[in-house]
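J.: make a model of this:
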Amino acid sequence: MEILKVSSRSVPNSVAGAISGVIRESGAVEIQAVGAGAANQAIKSVAIARGYLAPIGIDLICIPAFANVTIDGEDRTAIKLICEAR
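T.: Below is the predicted model:
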């Protein structure tokens, strides 16, 4: 499953386009966000992607979870959004 990493500076429309593309190709994508700002951008991106995919008959679902990631040698907890076509 492809992993998309989102930061607080990510543009939601661009991330939504990436989500939509991966969903059309493989049917599932994992989005990782570390921090409140990044999580906010990730959630907005998923909402926009649902709008992109709905007209072609794809219902995007999202399953939230936690993931442990290492950034600059430091262990951090990320929000992981597993998105799948239904």
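J.: from now on I want contacts and neighbour counts done on CA atoms only, so please keep to that.
T.: OK.
J.: just the strands in this protein please.
T.: Listed in chain order, the strands of the chain (DSSP state E) span 2-6, 28-33, 60-71, 74-85.
J.: deepest in the core, which of these is it.
T.: Of the strands of the chain, the one with the most neighbours on average (mean count of other CA atoms under 10 Å) is strand 28-33, at a mean of 23.
J.: so what does that one touch, helix or strand wise?
T.: On a contact count with 3 or more CA pairs under 8 Å, 6 or more residues apart in numbering; DSSP states H and E, strand 28-33 meets strand 2-6, helix 12-26, helix 36-53, strand 74-85.
J.: apply 10 Å and report the result again.
T.: Judged by 3 or more CA pairs under 10 Å, 6 or more residues apart in numbering; DSSP states H and E, the packing partners of strand 28-33 are strand 2-6, helix 12-26, helix 36-53, strand 60-71, strand 74-85.
J.: tell me, what's the model's pLDDT at the spatially most central residue of the chain?
T.: The centre of the chain sits closest to Ile31, judged by CA atoms, centre = their mean, with a distance of 3.2 Å. In this model, Ile31 is scored at 97, pLDDT.
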